[in-house]
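Asks: Requesting a structural model of the entry that follows:
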Amino acid sequence: MSTPEYFYDMEHNPKDPNPFLAIFLDRSIPFDESAKAAFLKDSSTKSRQFLLPLLRPFARLSIILIKLIRTALPNAFASSKLLHRILYRGLKTFVSPEANTMILRHFTLGSEILQFIRDNVPGADVKLNPLRPYNLEAVKDDLFLIHDINIYNFIINLNKELQSKDLTISHLEKPNMDAITIGPQPIERMPRRWTNKIDLLTAIECFTPIYQMFLTDNDFWRASNSLQLDEIIGIYASTIVNEPQRLALVNNKHPMVPMHTLQAGYRLVLHGLATEQLHAMLVQKKLEMGKSE
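Replies: Below you'll find the predicted structure:
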């Protein structure tokens, strides 16, 4: 992962300020510093600046065409195993090391957030299926599909527990922070071949129609709608630590109003950033609790 020194060593020209340097130095948004450096460096590449605007229209046109096919043949060509092998090869061959690291980080952070919520609802018995991939090989095991399913199952099972046992999610003065890890994730070094140049957003835009093609229509629709669960998870966590103001940047639209799938790639990036911000907020809380003890 890129180190923060990439930005700390960047020369500032007052007549031509670097927008990514400004965002990196800003501390109003909680974000792991190394992850933030990796994301912003990846976002400042030629791939993001020039390739994305060229590929995005074709990617979204592909989504429309595949949707027409899926209307008549909802399950044709569906193969999650084949999909994830294609994703694995694509990530390994074409995607930048910064983007690959951010992708793998996401699954671990998401698992920690769900465990944090579960651990701080006393009396709730919710089984988890944590995902902690440390290399790209893990993608082959239906990683993306299982991630979406985990979120739905967590919300369903947690709320069944809340209703059946008359429990509530509420603020705790000393929440259990055992699930939240501090420091870098033990992710293996990502491929750095001359072909690994595609930035995160461009990769996601290109992979979205592939994702749609090799999932059933129901699976793709469910995966796309899972992005709108960010607000729900954010409300749960912020209620426990009493930090409602942190929800301002968790914005993937209202969970009760499904969005069209053309913007699924862009919203997937927002989903990843929301997870990073929520986890960083919990890390801050854990550090504050450690200082007060």
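Asks: Check which helix or strand L273 maps to.
Replies: helix 264-292 (DSSP states H and E).
Asks: for the record, mean pLDDT for that helix?
Replies: Averaging pLDDT along helix 264-292 yields 89.
Asks: Going by neighbour count, list what's buried in that helix.
Replies: 264-265, 267-286 (16 or more other C-beta atoms under 10 Å). Yep, even glycine has a C-beta here, placed from its N, CA and C like the rest.
Asks: same deal with stretch 172-180?
Replies: Buried-residue list, stretch 172-180, by 16+ other C-beta under 10 Å: P175, M177, A179, I180.
Asks: so what's H147 scoring on pLDDT?
Replies: On the pLDDT scale, H147 gets 95.
Asks: which residues are in contact with the helix or strand containing it?
Replies: Using DSSP H and E, H147 maps to helix 143-164. For helix 143-164, the external contacting residues (C-beta atoms under 8 Å, 6 or more residues apart in numbering) are 80, 83-84, 87, 107, 110-111, 114, 117-118, 121, 123-129, 131, 133, 167-169, 211, 215, 219, 222-223, 226, 229, 232-233.
Asks: neighbours around the spatially closest residue to L51 that is not a sequence neighbour, how many?
Replies: With sequence-adjacent residues excluded and distances taken as C-beta to C-beta, 6 or more residues apart in numbering, L51 is closest to T202, at 5.5 Å. Neighbourhood size, T202 [other C-beta atoms under 10 Å]: 28.
Asks: again, but for L143
Replies: 19.
Asks: where's it relative to F77, distance?
Replies: The gap separating L143 from F77 is 20 Å, by C-beta to C-beta, to the nearest Å.
Asks: tell me which residues of the helix holding H147 are tucked away?
Replies: 143-145, 147-151, 153-155, 157-158, 161-162.
Asks: and the most centrally placed residue in the chain, what does it touch?
Replies: Centrality entry for the chain: nearest residue to the mean C-alpha point is G272, 2.4 Å, by C-alpha atoms, centre = their mean. Contact partners of G272, counting by C-beta under 8 Å, 6+ apart, are M102, I103, H106.
Asks: which stretch of helix or strand covers the first one?
Replies: Spelled out, it's M102. Secondary structure (DSSP H and E) places M102 in helix 97-119.
Asks: ok, back up a step: of the contacts of G272, keep whichever come out buried.
Replies: Neighbour-count burial (16+ other C-beta under 10 Å) applied to the contacts of G272 gives M102, I103, H106.
Asks: Looking at the last one now. What's its pLDDT?
Replies: Put plainly, it is H106. 96.
Asks: Between the buried ones among the contacts of G272, which sits nearest A37?
Replies: M102 (10.8 Å; C-beta to C-beta).
Asks: okay, and for the chain, where does confidence drop off?
Replies: Applying pLDDT under 70 to the chain flags residues 1-2, 246-253, 292-293.
Asks: how does it look with 50?
Replies: 1 (pLDDT under 50).
Asks: any chance you could map the helices in it?
Replies: 5-8, 19-25, 33-43, 46, 52-72, 80-94, 97-119, 143-164, 200-213, 217-226, 230-241, 264-292 (DSSP state H).
Asks: How far off centre is the fourth one?
Replies: In this case it means helix 46. With C-alpha atoms, centre = their mean, to the nearest Å as the basis, helix 46 stands 23 Å off its chain's centre.
Asks: Can you tell me what sits against it?
Replies: Under C-beta under 8 Å, 6+ apart, the answer for helix 46 is K197.
Asks: Repeat that for the third one.
Replies: By C-beta under 8 Å, 6+ apart, the list of residues contacting helix 33-43 from outside reads 1-4, 6-7, 20, 23-24, 48, 96, 98-99, 101-102, 105, 184, 199-201, 273, 276.
Asks: Looking at the contacts of G272, which one is closest to L61?
Replies: The closest of these to L61 turns out to be I103 (C-beta to C-beta; 24.6 Å).
Asks: Contact partners for the closest one?
Replies: Contacts of I103 by C-beta under 8 Å, 6+ apart are L91, V95, L200, G272.
Asks: Any figure for the gap between the nearest residue to the third one once chain neighbours are set aside and K92?
Replies: Spatial nearest neighbour of L200, chain neighbours left out: A99 (3.8 Å); criterion: C-beta to C-beta, 6+ apart. In this structure, A99 and K92 are 12 Å apart, going by C-beta to C-beta.
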